Every structure is written in C-alpha cells, then in structure tokens.
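K.L.:
no FASTA, just this:
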C-alpha cells in the first residue's frame, strides 16, 4: 500500500486536505459546481527544528491543524451558503467569541466534568484517573451521537466518510471515483477520532503517574498542564499504529476505528467527487 503524506478534515459541504506544502479545500456550491480554495501551509516546523522532535511535533501539528481547520471551516460555510461577508470586522469578532466559547465548552465537558464525576466515585488517585478516562470516553461518544442528530452535522460526517474513502483509493493507487471508493470502508487508521480515543487512553496513564492528588482544582490544573504531553504521546502512538500491520497495532487501532463509526457516515457519489477534487489538488505536491 502506498504511503502518502496527506491529512484531511471534513468541512461544511466539502473536504479540506493538507499536504506538506499547501492546503486545498473543495466545497459544493449551491449551483452544484465545486469551489477550490488553496493556501500555503504553515512553515513553522521548517523554521524551527525543535518543532519536529518526537512528542513535540504532535502538539505543533495539532495547533496548526486546528487554526487552519477553523479558518477553512468558516470559509466553507461562506461558500456553501453563498453569503457575502459585509461586516468583516463584526464577523471576525464573532469568530473569536465562538472560538473562546468552544474552548470553555471543551474544558468544562471533557476535563472538568469527568474529573468531578470521578472524584465522587473514589478517593484513590489511580482509580480517579481510570474513571476520568471512562467518563471522558462516554461523554465523547454521546457528544458524537448528539451531533449526528443535526441534519447539517450529519452531512459533515458523510463528507468525513468521503474523505476517508478517497484516501483509501489513493493509498491503494486506484482512481478515486465513486464506484472505486465503495470498495473501501469509511473509517481510516489516521483519523482525528482515533487520535482522540488514544489521547483518552494515554491520559489515564499520564494522569495516574503525574496527576495524583485528591484536590479537585489541583487535579484539573495538573491535567491542563499535562495535556501537551498527552497529545504528543498520542500522536506518536497513532503514527506508529497506522504504519504497522502487526497484531498489537491492529488491537491498538480497533477501538478508535469502532468509535469512528459515530463520526463518519456513508457518503453519496457527489460527496466522493468533492473529496476527490480536494485530494487531486493537494496531491500535486506529494
């Protein structure tokens, strides 16, 4: 199977693909045509050698991907809804406020709530970390189920499946057509959902070793401080497991692939065409 240095993300009515030199996004416009957006990717890692160190590169990659993904997601909504941004300054402030609210929600839902619930069940620091991980995973799964109930977000999940199927086509060196894509699953080993699952598992180990305290707020503070380490280690594990077909790698990938069933849906043929267009442009640099 061909190894390609490409990453992806579903956006509103489209797919974004990140290659080493640029990012491309394909979005289905209201008139049925496909709009292509391209922009150079960040050269931060190229300018700073330490950004390529193991573990560190995972944190750097996540931060750059989140920033790029947020901008592309907003742009995809403008294209798909054919909206003119008449008040650019106001829209910019609204974007900042939305981002801040998302951070507060993430900390509250995935950090504070599991920590609080675990503290109610046990006073053992080790078991607190285990229960936190379990609660965090359950909350994340319920969060994905709740999002899939929205018609618009369900379509985003379908584009997520399209992104994966087209990537499978490229890795197996077949033309990414709707017919060929049906030979492959909607899940993929190198997916953000699998990364998040690994991060939850790694967090249990890291927090058990370095976050042992019975104080709720001190536990929460330590978990936020240790989060970059969790992210970095999870990134390395994901890359290692995705490259291997050994029994341990398949076991490590299995839960994440199962969880992806909640964040991906079977795409339509026209969604495959959009994803293929994004990959076609991005693959020019590969």
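P.N.:
Thanks, I have the structure now. Just so we're clear, the structure is a prediction, and the values are computed from it rather than from any experiment.
K.L.:
now the helix or strand in which residue 236 is found: mean pLDDT?
P.N.:
According to DSSP states H and E, residue 236 maps onto helix 216-243. The average pLDDT within helix 216-243 is 91.
K.L.:
Which elements pack onto the helix or strand following that helix?
P.N.:
Downstream of helix 216-243, the next assigned helix or strand under DSSP H and E is helix 247-263. Applying 3 or more C-beta pairs under 8 Å, 6 or more residues apart in numbering; DSSP states H and E, we find helix 247-263 packed against helix 125-148, helix 192-210, helix 216-243. (Glycine included, C-beta is placed from N, CA and C.)
K.L.:
Single out the most deeply packed of those.
P.N.:
Ranked by mean neighbour count, the helices and strands packed on helix 247-263 are led by helix 192-210 with a mean of 20 (mean count of other C-beta atoms under 10 Å).
K.L.:
Tell me how far that one lies from the chain's centre.
P.N.:
Centroid separation for helix 192-210 versus its chain: 15 Å, with C-alpha atoms, centre = their mean, to the nearest Å.
K.L.:
any idea of the mean pLDDT for it?
P.N.:
On average, helix 192-210 scores 92.
K.L.:
Which elements pack onto that helix?
P.N.:
If you count contacts as 3+ C-beta pairs under 8 Å, 6+ apart, helix 192-210 packs onto helix 125-148, helix 216-243, helix 247-263.
K.L.:
Could you dump these into CSV and include distance to residue 174?
P.N.:
Output for these, formatted as CSV (distance: least, C-beta to C-beta, whole Å):
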stretch, distance to residue 174
helix 125-148, 29
helix 216-243, 20
helix 247-263, 21
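K.L.:
closest to residue 49 out of those helices?
P.N.:
Across the helices and strands packed on helix 192-210, the minimum distance to residue 49, taken as C-beta to C-beta, is reached by helix 216-243, at 16.2 Å.
K.L.:
what's the closest one packed up against?
P.N.:
Using 3+ C-beta pairs under 8 Å, 6+ apart: helix 216-243 touches helix 56-81, helix 113-121, helix 192-210, helix 247-263.
K.L.:
Those helices: which one's closest to residue 171?
P.N.:
Across these, closest to residue 171 is helix 247-263 (C-beta to C-beta), at 15.0 Å.
K.L.:
Buried residues, the closest one. List them.
P.N.:
Neighbour-count burial for helix 247-263 flags 249, 252-253, 256-257, 259-260, 262-263 (criterion: 16 or more other C-beta atoms under 10 Å).
K.L.:
likewise stretch 115-122?
P.N.:
115, 117-119.
K.L.:
pLDDT value on residue 95, please?
P.N.:
At residue 95, pLDDT is 53.
K.L.:
Which helix or strand in the protein has the lowest average pLDDT?
P.N.:
Every helix and strand of the chain was ranked by mean pLDDT, DSSP states H and E. The lowest is helix 88-107, at a mean of 60.
K.L.:
Quick check: which element contains residue 8?
P.N.:
Short version, using DSSP H and E: residue 8 is in strand 7-11.
K.L.:
still on that earlier bit, of all the helices and strands packed on helix 247-263, which one is nearest residue 14?
P.N.:
helix 192-210 (16.5 Å).
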